[in-house]
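Enquirer: What follows is a predicted structure for the sequence shown.
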Amino acid sequence: MNSSGDHTPDLHTPVLLNPVMEALHPADGEVFVDGTFGAGGYTQALLDAAACKVIAIDRDPNAIAAGAWLVGKYDDRLTLVQGRFSQVEQIVTEAGLARVDGIVLDVGVSSMQLDEAERGFSFMRDGPLDMRMEQQGTSAADIVNEFEERDLRHIISVLGEEKRAFAIAKAVVKRREQEPFTGTLDLANLIEATLGRPPRYKGPSIHPATRTFQALRIYVNAELKELAEALAAAERLLAPGGRLAIVTFHSLEDRIVKRFLHQRSGRVARPSRYAPQVEELVPSFDELARGGIVADEAEVASNPRARSARLRAGTRTEAAPHPFVLEDFGREVTLC
């Protein structure tokens, strides 16, 4: 509900909206999938730009409920589905379609989830140590209170890219012997006490708990595995000429998308002439804007979250999909 008291929610402007729309360039009669509906920013932009249809997916039941008003607004050109974007093939098939013309993914936690302390994604406000997008299954508290020290260390090191994972895991295990962790600030304060704050003269710095919270969230929601499976599904679903746009917010996500588009567009290092001969696959994507697109100064000034965002995009060729091998996406993915 907006500030005037009516039942039309405030509009949400997602990051890199203009570059995403340029990559997708929707046309009348086309069908798109918004695999990470969130507050509906990309979905609304697509529906406003052309007389197209959108199948919008989100794991979070709260996001689907909050976006229900849009279905009527767009004369049923919008279909909302609660589910994972790795299930996009099944969802599209159940909608009676074999192919789509475009897919957009805004990867990671949404602003709405970060703003809701009770969801436990952020340590800026105290809340339960949860982090489950689907609000079911293993929570961050379960991991912190029950996992072996070596497993905690591995998760924090790999998925959080935290250099001091050993010290954090050791401190967590020692503290939980006295009392289990239940709140976000409880864990964040322990990590800050363990690592300390960087000296101010070294310039701006992130909170010491940032990487650990990232690691827990990624593990709880199997985010990197979900992303890899969604990319492979998009390759199978997109019609020739179909467009794929993915916005990422940290290096692990971006590395997976970059690797995928490099492989699928033929931008991989050729093996040694002494290596066993393997069949060379025809590129299934033409990569757009190699190196990705980042937000300009104006967007970063108006939306600080855009500072870490990067858009990578590609256009589907007529070639057959490449074989999907999860291990090709890296050890971070298989850890999830």
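Expert: Thanks, I have it. Only a predicted model underlies this, so the values are computations on that prediction, with no experimental measurement involved. Numbers count the residues shown, from 1 in each chain.
Enquirer: all strands for the chain, in order.
Expert: 31-34, 53-58, 78-82, 100-106, 238-248, 285-294, 310-316 (DSSP state E).
Enquirer: burial count for the nearest residue to Glu327 once chain neighbours are set aside?
Expert: Setting aside the residues directly before and after it, Glu327 is nearest to Thr334 in space (CB to CB, 6 or more residues apart in numbering), at 6.1 Å. Yep, even glycine has a C-beta here, placed from its N, CA and C like the rest. The tally of other residues near Thr334 (other CB atoms under 10 Å) stands at 13.
Enquirer: ok now do Thr334, which residues does it touch?
Expert: By CB atoms under 8 Å, 6 or more residues apart in numbering, the contact set of Thr334 is Lys225, Leu326, Glu327.
Enquirer: Low-confidence stretches in the stretch 101-250 of the chain?
Expert: Scanning the stretch 101-250 of the chain with the threshold set as pLDDT under 70 gives 108-124, 198-205.
Enquirer: Am I right that Asp106 is in contact with Ala39?
Expert: No: taking CB atoms under 8 Å as the definition, Asp106 is not a contact partner of Ala39, at 9.9 Å.
Enquirer: Find residues that contact each of these two.
Expert: Common neighbours of Asp106 and Ala39, counting by CB under 8 Å, 6+ apart, are Pro14.
Enquirer: what's the first-to-last distance across stretch 144-152?
Expert: End-to-end span of stretch 144-152 (CA to CA, to the nearest Å): 7 Å.
Enquirer: quick one: that stretch to chain centroid distance?
Expert: How far stretch 144-152 lies from its chain's middle: 25 Å, per CA atoms, centre = their mean, to the nearest Å.
Enquirer: May I see the buried residues of it?
Expert: The neighbour-count criterion (16 or more other CB atoms under 10 Å) identifies Val144, Asn145, Phe147, Leu152 as the buried residues of stretch 144-152.
Enquirer: Name the surrounding residues that touch it.
Expert: For stretch 144-152, contacts defined as CB under 8 Å, 6+ apart pick out 129, 143, 155, 165, 168-170, 172-173, 176, 180-181, 187, 216.
Enquirer: Adding distance to Gly35 and neighbour count as columns, could you present those residues in a markdown table?
Expert: Converted to a markdown table, the contacts of stretch 144-152 look like this (distance: CB to CB, whole Å; neighbours: other CB atoms under 10 Å):
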| residue | distance to Gly35 | neighbour count |
| --- | --- | --- |
| Leu129 | 27 | 25 |
| Ile143 | 26 | 20 |
| Ile155 | 25 | 23 |
| Ala165 | 31 | 21 |
| Ile168 | 32 | 25 |
| Ala169 | 33 | 25 |
| Lys170 | 38 | 15 |
| Val172 | 33 | 23 |
| Val173 | 37 | 17 |
| Arg176 | 36 | 15 |
| Pro180 | 35 | 13 |
| Phe181 | 32 | 17 |
| Leu187 | 30 | 25 |
| Leu216 | 23 | 26 |
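Enquirer: Select from the residues you listed every entry located in helices.
Expert: Ile143, Ile155, Ala165, Ile168, Ala169, Lys170, Val172, Val173, Arg176, Leu187, Leu216 (DSSP state H).
Enquirer: gap between the first one and Leu46?
Expert: Spelled out, that is Ile143. Counting by CB to CB, to the nearest Å, the separation of Ile143 from Leu46 is 36 Å.
Enquirer: again, but for the last one
Expert: Spatial separation of Leu216 from Leu46 under the definition CB to CB is 33 Å.
Enquirer: how many neighbours does the closest residue to Arg243 other than its chain neighbours have?
Expert: Distance criterion CB to CB, 6+ apart; nearest residue to Arg243, sequence neighbours excluded, is Gly102 at 4.4 Å. Residues lying near Gly102 (other CB under 10 Å) number 28.
Enquirer: In contact with Gly102, which residues are there?
Expert: Counted by CB under 8 Å, 6+ apart, Gly102 has contacts Leu24, Pro26, Glu30, Val31, Phe32, Val33, Leu46, Leu238, Gly242, Arg243, Leu244, Ala245.
Enquirer: neighbour-wise, which of the residues you listed leads?
Expert: Val33 (33 neighbours).
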